Structure formats: structure tokens, C-alpha cells
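Enquirer: Show me the folded form of this:
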Amino acid sequence: MSEALPEIVIGVAGHIDHGKTALVRALTGIDTDRLPEEKARGITIELGFAHCSLPSGRRAAVVDMPGHERFVRAMIAGAGGIDAVLLVVAATEGVMPQTREHLAIATLLGVSAGVVALTKCDIASSEIVELATEEVRELLVGTPLAGADIVPVSAHAGTGLNALRASLDRVTAHARPSDGAALLPIDRVFVRKGFGAVVTGTLVSGAIRVEDEMVIAPIGVDAAERPVRIRGLQVHGAAVDVARAATRLAVNIAGLEASEIPRGAWLYRAGEVALTRAFDARVTLLPGVRRTLRRRSRLELAVGAAHASASIALLDGDELAAGHGALARITTDEPVAVRPGERFVLRGPPSLAAIGTTVGGGVVIRPAAERARKRVTAHERASAVAAHEDQPAERARIETEATGHRGLTAREIFARAGYRLQSGTANVAGLVSVSGDRFVAASVLDSAAQKLLQTLSAHHGTAPGERGIERRALRLGGGDAVLDAVIAQLVAAKKIERHGDILARAGWKPRDPDATPYLREILAAIGAAGVTPPRPDEIAAGLKTQTASLEPSLKRLVERGDVVRVNAELWVDARALADLERRLTTYLESHGTIDAQGFKEITGASRKWSIPLAEHFDAKKVTLRIGDVRKLRGR
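Expert: Residues are numbered from 1 along each chain as shown. Below is the predicted model of the structure:
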């Protein structure tokens, strides 16, 4: 199996007309200006791509990024996947606005390695070259490139190129995880005759293999994930079977037409990357920003090769000053694909931006942030995750806990926390499998277990004669799977017992059902009153107790058939009610109908009792009401 060798991805940045494309051509032998307009105007509009071998044999992919301020979007798309920056500064002009903005963007995107090429030295005097070198050195102070090599070169004369190659060879870039989620921001889409749709980008993490099943998103007005199959992979024109981060890659896909794929979409495995409209991040403003960022602001978000309008809501404080950072909730108009630790750039109008259109940037803390009713809740969760950036298992616990009883699948946990669940590792993260691939935080289950124990205890107190509660009568957020997991946990811990479908506290022994308090007294009070019994609260008052304490006994009397519950306030002696039914039937068989006055006469009761008694016989289907009279049903 052929596999793409690891390489370093170098982004060439700098001001327009400082000789970036000429320098790339001199280093690699490849002209990255491929568009007719680029040839005609002599400027780079789109990203250009080249490659070369460094003196040690190390492979380098080279991304030529536009220098004109109008094409900063394309520059950011290219910078998102680079390991090191080759900052190009013309000795004849020195540091220019786009030099500063490109350096700021590279810094915001976490590029911490690089080299400076001082170009056009063949047409600049030694004094000018020295002044330009000092100016660049001052520019780099306080940035990740402080102390970087500054190499005088001339692309046309060919001087200094070997020294530049040697400097680039010494650059050490942070290793990208090849075992992480495979993610390719798509910066170019085209059709290759005989092959179909081809997308290109820098594989920023993970690995891709030929025949892999993946998705591209967002696609279409519904911003859907669309499945695709990897038909082929090429690295610098050579076919490979496997490509790993970080590699400039051309991917031949099956399943979508090139016209359907927007530049700025992402290629990844379904579920392994969060496609989201809301995420939490640590946002930082550049020192030169002209005014503070208010608690809620609208800016442009650039992440990967995508750009989207976004609302920035600070989670702590009411404003963010230049040069400072804060946690923020970012909500985008269109879905974006992000991972934990993903870096992005924020752009805004010149009235706000420090340099060009760049306002600041940030790092993704929580790739998918659920809606929180309170700002403090969102802040607490973001802070908790941020405090454990290097502990994926703890991040997984916090993220899963935030979803409550719903929980997360293994892929969602990986997408949100970068923690890949394997056999036996769920316990490490404090997670419990509740149904197949669904996990809930153990703390959430513990809380649910306590509520279930309280429910059982309360039931035993109010129904001491019952064996317990039927499983089907219980409800818990998260559905049956979570409830069953809680029950299994409590049974295993010997805190509850299960007998068929009945659940009870461990060791629970139901009392004699007839041993409930006040049972005899209640029966005597109701039995003595015939069909005009006292209300439960009146009985309770006579017994000097609370009405609620009579409920178990009333329920037991109904179960025994001694009492009939007519309504919430009318509990009637069963024998008296049966006698009334016989007298009512006899009356109706003789008279045919009965009105309210006639009903009062045979009951000997006032409207307080006669109306609900009459309605009871209607509900029992003994009588049928027609207007103001009743008759025997069926006659």
C-alpha cells in the first residue's frame, strides 16, 4: 500500500508585489499563478500550490497566498492548514500593511514557526537591505517568529535560495495528530476529465484512505452532510492509498458533482467532527483594535477554508478591550465544522480592525454549545472545559454531563472532546453506556438514582400496604433506556429490589393493608351517614389529623369494596349506595322518569349530595339524562 510521506506545509505570505510567487517558482520550479487573470494582472488572486524537497530530503508543500488586501479571505483559507510561514518582505519597500496583517493572521491561527525571506535584494543597496532587516526584526518582537531567520534573497538572480532552503529545513513544526478526526477544509474544487469531482486542501488531522466512506458538509440550502466515497488520493501528482496529516491533498470523490460542492466546505467522517452553528471559544482581540468589543457584536468568522457571519456574545464581562481575551459564545449564520482547539480569525470593518480587516481570533473550547438559559451557566461550562484542555477524558465527562439524560454517542464525544471511547475507557471518563452507543455521565445517573429512591420511599410512606411501584408507572428524563440503566445500577448496588414489574426499596415489607391509620374510624363515620357522608376534610378534623393522612385508608376501603368514591369530596358507604340504586331502579321502572325533586325525595338528601349521586349513576350507565329528567338506560 502506497502512503504519502509526512511533510511540512509552508505558507508563503506577505504584501502584494513583494515577490512571493516569483520566490516560490525559484524554490520549486512551479508557477503557482494558474488563472488567466493572475497572469494578466501579475498578482495572485487564488491560492497557489507547489512542492519541493529540502536539503535533508524532507518534503515540503508550499501554499502561495494572495497578498492584496482584497484577497485576505483566500489568504486565511491557505493559512489555516500550514505548519510554518515563509514571510516575504521586499527589501526595497520594507514592512507594509499586508505584511503586518498576514503575520497577525498566522499568529492567530497558531503558526509558531517560520522564516523571513527578504526579497529583491539584487536591486537594493546593502544599506537598504540592512535597514529592512532591522525593521523586520522589530516587527517580529513579541510574536512567535521572534528570532526567526531573516534570509536576503533574489528570486531573479538566484542568490540566497540555498540559504533559504536550509533555514526552512531547520524549521520545526508542531506534529499534527494522524490518529485524530480526519478533516480536510476544501479550498479548491474542480473536475478532472475521466475522474469526476476533485477537491483539494490540507489534511489538518487524521488519515484518509482510498475507498473510505466520508461526508462533505455543509451542502445545499439545508446545510446537510452528504455522503461521498474516496475514489482516489494524490499528493503532488502522485497517487497514494493513504494520506496522513499534514499533507496537501487532492481527493477524487464519488457521490457528488463538483458543481454541488462549495469551496469552504469540509470533508470528514460522519459524526467525528462537530458541524455546528454555536460553539464556545476563547476570543482574543489584536492590540491595535480601535475600540472595545461590546457584549454582543457581529463579525465575520474565518475558520478552515470557510467564512461565515457570526454573532459574538461575551460570556464574562460587558466588553473586551484591545489586546485582551475572554470566553465567548459564537453563533454563526451557516454551519461550520470545528474541533476542540480549532483556531479561527475574526474580521470586521476598518473602523474596528487593527490591521486591514483583522480584528482578532480565537481557539474553540466547546465545538457544540447547547443553548443555556443563563449566561452564568454557559460561562461555567466553557470555563470547566477550558480548564481541562489537555485532559480529553475530563472534557468528555463535562460535555456529556452538560447534555443531561440525553447523553452523547461515542462519535459525538469524540467530536466534542477529542476523546475516543474504547473498551473499558468509558469508566475512565465517568461515563455509563445506557443503550448501545449512547453514553450518559455517571453523575447524571447518580442524581437520577437518588430521585428514584426518593420516589420509592415516598410511595412506601403513602401506600404501606403495597409491594411497590410498577415499572411502567415511573418516568425519567432520557426515556426508558436511562431509567433501565438507573434501575440496573440500584439493583446491582442492592438499594432496590425488583420482583417482576414491581420495584421497591431493598428490604421493604408491605404492611397489612388493613393496618392503615384511621381505617375503622373512617369506615364508621361513612357507614353511619348513609348516602350523606361527611367530606374527608371533615372526618380529618374530627380525628384531629391532616386530610392527606386519610388517603391510604380511603384507598384501601375502596379496594375492599366497603366504600365507593363518587368524587374527590364524596366517599359513600357501598351498601347504602347499592340500596339507593335498587330504590332508584324500582322508582324508574314504575314511573319511567325522575326529576331532581324526585331524586331528592328518594335519597332524602339535599342538592349537595343528590346532584353528584345522580351524576354517579349516569357515569355508571344506570341512568340516562334527557333534559331535566333521567330514565333507566336502555329503556
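Enquirer: Tell me how this protein divides into domains.
Expert: 7-170, 183-268, 412-511, 528-635 (automatic domain parsing).
Enquirer: I'd like to know which of those is closest to Pro350.
Expert: Closest approach to Pro350 among those (Cβ to Cβ): domain 7-170, 10.0 Å. Every C-beta, even on glycine, is put in place using the N, C-alpha and C of the backbone.
Enquirer: From the contact counts, what lies against the longest helix along the chain?
Expert: Across the chain, the longest stretch assigned as helix under DSSP state H is helix 442-462. Using 3 or more Cβ pairs under 8 Å, 6 or more residues apart in numbering; DSSP states H and E, the elements in contact with helix 442-462 are helix 392-402, strand 431-435, strand 469-470, helix 479-492, strand 496-499, strand 502-505.
Enquirer: Can you give the contact residues for that helix?
Expert: With contact meaning Cβ atoms under 8 Å, 6 or more residues apart in numbering, helix 442-462 is reached by 397, 400-401, 404-405, 407, 430-432, 434, 466, 468-469, 474, 476-478, 482-483, 485-487, 489-490, 495-496, 503-505, 508, 551-552.
Enquirer: Ok, stretch 367-378 next?
Expert: 273-274, 276, 278-280, 315, 329, 338-340, 342, 381-382, 402-403, 412, 415-416.
Enquirer: How about stretch 321-332?
Expert: Here stretch 321-332 has contacts from 276-292, 301, 308-317, 320, 354, 362, 365, 369, 378-379, 382-383, 386, using Cβ under 8 Å, 6+ apart.
Enquirer: Restricted to buried residues, select the residues you listed in ChimeraX.
Expert: Only the buried entries of these go into this ChimeraX selection, using 16 or more other Cβ atoms under 10 Å:
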select :276,277,278,279,280,281,282,283,284,285,286,289,292,301,308,310,311,312,313,314,315,320,354,362,365,369,378,379,382,386
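Enquirer: could you give the mean pLDDT of the helix or strand hosting Thr331?
Expert: Thr331 belongs to strand 325-338 when assigned by DSSP states H and E. Averaging pLDDT along strand 325-338 yields 93.
Enquirer: Would you mark the buried spots in it?
Expert: Within strand 325-338, the residues that count as buried by 16+ other Cβ under 10 Å are Gly325, Ala326, Leu327, Ala328, Arg329, Ile330, Thr331, Thr332, Pro335, Val336, Ala337, Val338.
Enquirer: now the angle from the helix or strand that that strand is followed by to strand 325-338?
Expert: Counting by DSSP H and E, the next helix or strand C-terminal to strand 325-338 is strand 343-347. Counting by axes from the mean of the first three to the mean of the last three Cα atoms, to 10 degrees, strand 343-347 lies at 110 degrees to strand 325-338.
Enquirer: And the pLDDT for the spatially most central residue of the chain?
Expert: Centroid-nearest residue in the chain, with Cα atoms, centre = their mean: Ala368, separated by 2.4 Å. Ala368 is assigned a predicted lDDT (pLDDT) of 92.
Enquirer: And for Gly356?
Expert: Reported pLDDT for Gly356: 80.
Enquirer: now the one 3 residues further on
Expert: In this model, Val359 is scored at 92, pLDDT.
Enquirer: Also Gly500?
Expert: As predicted, Gly500 sits at a pLDDT of 87.
Enquirer: What of Ala146?
Expert: 94.
Enquirer: How about it: what's its closest non-neighbour residue?
Expert: Leu140 (4.9 Å; Cβ to Cβ, 6 or more residues apart in numbering).
Enquirer: shouldn't the one you found be in contact with Ala148?
Expert: Yes - look at Leu140 against Ala148 with Cβ atoms under 8 Å: they come within range, at 6.2 Å.
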